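In: what follows is a predicted protein model with its sequence.
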Amino acid sequence: MRARLYMVGVGGQGTLTAARVLGEAALAADLNVIISEVHGMAQRGGVVETAILIGQVHSPLIGDGEADVLMGFEPLETLRALSKASRHTWVITNTKPIIPSTVKLGQGQYPDLREILSRIRSSAGSVIALNAEDLAQQAGALIAANMVMLGALVATEQLPFPGEHVRDAITRLSPRYAAINLKAFELGKAYVIQHQEEPDDGWDRIRAGRASQAA
Amino acid sequence: MLLLGNEAIVRGALEAGVGFVTTYPGTPASEIGDAFAEIAPDAGIYFEYSVNEKVALEMAAAAAVSGVRALCAMKHVGLNVAADAFMSLAYTGVRAGLVIVSADDPSMHSSQNEQDNRYYAKLANIPMLEPADPQEALEMVRHAFELSEKLELPVLLRTTTRVNHTRGIVKIGELPKTFTKAARFVKEPSRFVVVPAVARQRHKVLIERMGQARQLSEDSPFHMIIGKAQELGIVSSGVAFNYALDAVEELDLTKRIGILKIGMTNPLPCTLCEAFLLSSERILVVEELEPYLENELKVIVADLGIHREILGKGSGHFPQLYEFTPDRVKRAIAELMGIAVEKPVAQTLPPLPARPPQLCAGCPHRATYYALKLALGDEFKNTIFTTDIGCYTLGLLPPLEMADYLLCMGSSIGTANGFTRATDQRVVALVGDSTFFHAGIPALTNAVHGQHKFLLVILDNRTTAMTGHQPHPGLEFSVTGHVPAVAIEDVLQGCGVRSIHILDPAGLQEAVDVFKEALQESKEEIAVVISRHPCVLLRSGG
């Protein structure tokens, strides 16, 4: 039994905190957990990648195609990290773009959001796209978008332990902001549960099937 | 407990009763010092952020020869700075345990090179341990103090980013009741003063001690043989061992492949290696960066007079570049075993806009760069900007584009000395406050004495910002509280600089005027501008 989660975002989005929550939750569930972080760029708007490996595993990194879940806190960064995903991967992506400085300087174009999502859909297994900032704001703080993402993750039931452990870890790691964080967490979870039941129009699945046959 | 590798190193040192810790911050080692900064005063441990790695190591050496267990932590390139002390320290040896942590950075996540510091252990002839994960890091540090005392030699703990910055479950041990930080140095000049006559004797002692170390390495608890090498033997160390382990399990090869994991990589456990080499015709060495183990094994094979295929970098199965990933190791093993592995679907993505890190919004360096650019006007294109290690290196990126040459800490000033003499271009050197103290001062005295004419800009944001806001000698506080500050302007004056300007980059027009004046003066002699404004991320404002 093992779960490999790859988290990617932009410095300041709280990916490291989200990873820490999952680490504490796994520990509480008595499971082995390894988190590898790259520090240094977290406050300077660069890309922040974190690998979280739970269960029977030794490597602190995730190779190409190996992620069970790819969590993208920013759509362009989800797309950039798509090599970690395969047909069995769940992708949870925030849809709120953060425009990189290079685009502002005219050195490239930010891809169209629909195109980003369709590329993700054509490579991954299941895709959840949500505006985590909007939901976080509803919860009372934009900064809690990382908790929205954690709620969405729990809703996919891809974690090898109950979501209660995540809730507990959120409370334990930051008792002061627990109320807002938990509200954001629940909003993310509810969003996924609601939208999972929406029947999809079938085209994505057909395209995905064709692509895998072609490969 | 969920601990970061660096926190596990700190815990290991605490459990060993360390009494004296020094460091200079640098990714991926910084959290070691930061953790000690928080706990040292309460625990009764002496801790300081030293001015640079050389001073840090010299201090730790003094503590260890005085009978206090000491730890000195730095990033890999920091050991280059400390190398002079490091080499002779192997000759004098220590009395109490001394552990030197070198945090290497394969893939250069935040470094100027990816040098493999395992060769430093060979170069200096001192014992080395290489942990594969946070748990082992804790145990190895604890063990290293004992090893160091047994051999009376410093021990190098060589880590990599994926150990330092991996968080994992760690079983911790007991803490001692007290930490010894005060001791008495017992004189022994025939050992500690390495004039040639003494050094000749001490080199002999060092070789003898490393002979003993070889025996201790054979019995080291950190080597491990997993499975039985039938069709293939894997030899590995450090974080790469985990990738090999996962690959063998996932490919269902546990009955066909044996793994030798080496924890003490200098000196190597030769007998153990020999036995393993005899057990399989083919050996794959799984190690990041240089073919360190690989070449050692080739020597052992040659000595044994047997034939073995030693595969790895030389055979092209692994690159000498960058850190490994689990899929890369898995592919190499699968290929050797004739197993087809499903290749991940190649992702053909359109070119995506890059997202490089940026100077923060409100960063005073931005203002300094902007004012300097305005002051240079048309001369901008004909100006060589020598830069240095710090947040301000990001001045490389557009729209600033004011970084043309960088080697290492302090190189902005040293290379500016050279550019002024080798070219007829205008030269502006840019250095941060902490870096100026670390390695800038000798180059500055060289510029004054050599009459090298350039503009030196010291970007003084009142902290060591990039590594997490550690203090430096220019500030009136340290981890222990209030201390006298060494003012940069006093240093400049003392070094004989006559053109000294201080400005606040928050006032644009004034800053431009000062830069213009200093640029004019720098045609006659070295001119220095201290651009002083606290880092925007400093809560207290420095």
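Out: Thanks, I have it. Predicted, not measured: the structure shown is a model, and the values here were computed from it.
In: what residues are bridge-paired with the residue minimising distance to the centre of chain B?
Out: Centroid check for chain B by C-alpha atoms, centre = their mean gives residue B:75 as the closest residue, at 1.3 Å. Beta bridges link residue B:75 to residue B:103, judged by DSSP bridges.
In: so who does it touch?
Out: B:26, B:27, B:28, B:29, B:102, B:103, B:104, B:105, B:111 (C-beta atoms under 8 Å, 6 or more residues apart in numbering or on different chains). Glycine gets a C-beta too; all of them are placed from N, C-alpha and C.
In: now with 10 Å?
Out: B:23-30, B:53, B:81, B:101-105, B:110-111, B:117, B:159, B:161, B:164, B:467 (C-beta atoms under 10 Å, 6 or more residues apart in numbering or on different chains).
In: repeat for residue B:328
Out: Contacts of residue B:328 by C-beta under 10 Å, 6+ apart are A:61, A:63, A:64, B:240, B:243, B:247, B:286, B:317, B:318, B:319, B:322.
In: do residue B:298 as well
Out: Applying C-beta under 10 Å, 6+ apart, the residues near residue B:298 are B:283, B:285, B:291, B:308, B:310, B:312, B:314.
In: list just the nearest of those to chain A.
Out: residue B:285 (17.6 Å; C-beta to the nearest C-beta).
In: now that closest one: closest residue in space, sequence neighbours ignored.
Out: Distances taken as C-beta to C-beta, 6 or more residues apart in numbering or on different chains place residue B:312 nearest to residue B:285, at 3.7 Å, with adjacent residues excluded.
In: and if you look at residue B:325?
Out: According to C-beta to C-beta, 6+ apart, the nearest residue to residue B:325 is residue A:63 (4.6 Å).
In: for that neighbour, which residues are in contact?
Out: A:4, A:51, A:83-84, B:243, B:246-247, B:324-331, B:344.
In: check residue B:480 too.
Out: Contacts of residue B:480 by C-beta under 10 Å, 6+ apart are B:37, B:40, B:41, B:46, B:47, B:48.
In: quick one: which of those is nearest to chain A?
Out: Closest to chain A, out of all of those and judged by C-beta to the nearest C-beta, is residue B:37, at 16.4 Å.
In: still on that earlier bit, among the contacts of residue B:480, name the buried ones.
Out: B:37, B:40, B:46, B:47, B:48 (16 or more other C-beta atoms under 10 Å in any protein chain shown).
In: okay if I get these as JSON lines plus secondary structure and pLDDT?
Out: Below are the buried ones among the contacts of residue B:480 laid out as JSON lines (DSSP: H, G, I helix; E, B strand; the rest coil; pLDDT from 0 to 100):
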{"residue": "B:37", "secondary structure": "helix", "pLDDT": "97"}
{"residue": "B:40", "secondary structure": "helix", "pLDDT": "94"}
{"residue": "B:46", "secondary structure": "strand", "pLDDT": "95"}
{"residue": "B:47", "secondary structure": "strand", "pLDDT": "97"}
{"residue": "B:48", "secondary structure": "strand", "pLDDT": "97"}
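In: ok, back up a step: ok, of the contacts of residue A:63, which come out buried?
Out: A:4, A:51, A:83-84, B:243, B:246-247, B:324-331, B:344.
In: tell me which entries of those residues lie within helices.
Out: Under the assignment DSSP state H, these contribute B:243, B:246, B:247, B:326, B:327, B:328, B:329, B:330, B:331 to helices.
In: wouldn't the fourth one be in contact with residue A:34 here?
Out: When you say that, I think you mean residue B:326. No - using C-beta atoms under 10 Å, residue B:326 is not in contact with residue A:34, being 11.4 Å away.
In: shared neighbours, these two?
Out: Common neighbours of residue B:326 and residue A:34, using C-beta under 10 Å, 6+ apart, are A:4, A:51, A:53, A:57, A:58, A:59, A:60, A:61, B:242.
In: contacting residues for the residue nearest to residue B:140 when sequence neighbours are not counted?
Out: Distances taken as C-beta to C-beta, 6+ apart place residue B:129 nearest to residue B:140, at 4.5 Å, with adjacent residues excluded. Residues in contact with residue B:129 (C-beta under 10 Å, 6+ apart) are B:99, B:121, B:136-137, B:139-141, B:143-144, B:147, B:155-159, B:217, B:220, B:222, B:237, B:262-266.
In: on the three-state scheme, the residue nearest to residue B:325 is what?
Out: Following DSSP: H, G, I helix; E, B strand; the rest coil, residue A:63 is assigned to coil.
In: quick check, nearest of the contacts of residue B:480 to residue A:90?
Out: residue B:37 (40.7 Å; C-beta to C-beta).
In: now check stretch A:157-166, is it near chain B?
Out: No - for stretch A:157-166, no contact with chain B is found by C-beta under 10 Å from any C-beta of the partner chain; the gap never falls below 13.0 Å.
In: how far does that stretch stretch from one end to the other?
Out: Terminal residues of stretch A:157-166 lie 12 Å apart, using C-alpha to C-alpha, to the nearest Å.
In: burial count for residue 74?
Out: No chain specified, so I'll use chain A. Using other C-beta atoms under 10 Å in any protein chain shown, residue A:74 has 26 neighbouring residues.
In: not quite, I wanted chain B
Out: Residue B:74 - counted by other C-beta under 10 Å - has 30 other residues nearby.
In: how about low-confidence regions in the chain?
Out: You didn't pick a chain, so chain A it is. Along chain A, the model assigns pLDDT under 70 to residues A:39-43, A:197-215.
In: hmm, I had chain B in mind actually
Out: If you take pLDDT under 70 as the line, chain B has these spans: B:181, B:345, B:539-542.
In: how's it carved up into domains?
Out: Here the domain parsing of chain B from automatic domain parsing is B:2-218, B:224-336, B:364-532.
In: can you add distance to residue A:26 and give these back as CSV?
Out: Below are the domains of chain B laid out as CSV (distance: least, C-beta to C-beta, whole Å):
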stretch, distance to residue A:26
domain B:2-218, 9
domain B:224-336, 17
domain B:364-532, 26
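In: looking at those, which is buried most?
Out: domain B:2-218 (a mean of 22; mean count of other C-beta atoms under 10 Å in any protein chain shown).
In: ok but residue A:108 is inside a helix, no?
Out: No - checked against three-state DSSP, residue A:108 lies outside a helix; its state is coil.
In: separation between the residue nearest to it when sequence neighbours are not counted and residue A:111?
Out: Of all residues not flanking residue A:108 in the chain, residue B:353 sits nearest, at 3.3 Å (C-beta to C-beta, 6+ apart). Note on residue B:353: its distance to residue A:111, by C-beta to C-beta, to the nearest Å, is 8 Å.
In: quick one: contacts of stretch B:247-254?
Out: A:2, A:56-59, A:63, A:66, B:226-228, B:230-232, B:234, B:245, B:255-259, B:286, B:326-334, B:337, B:339, B:341.
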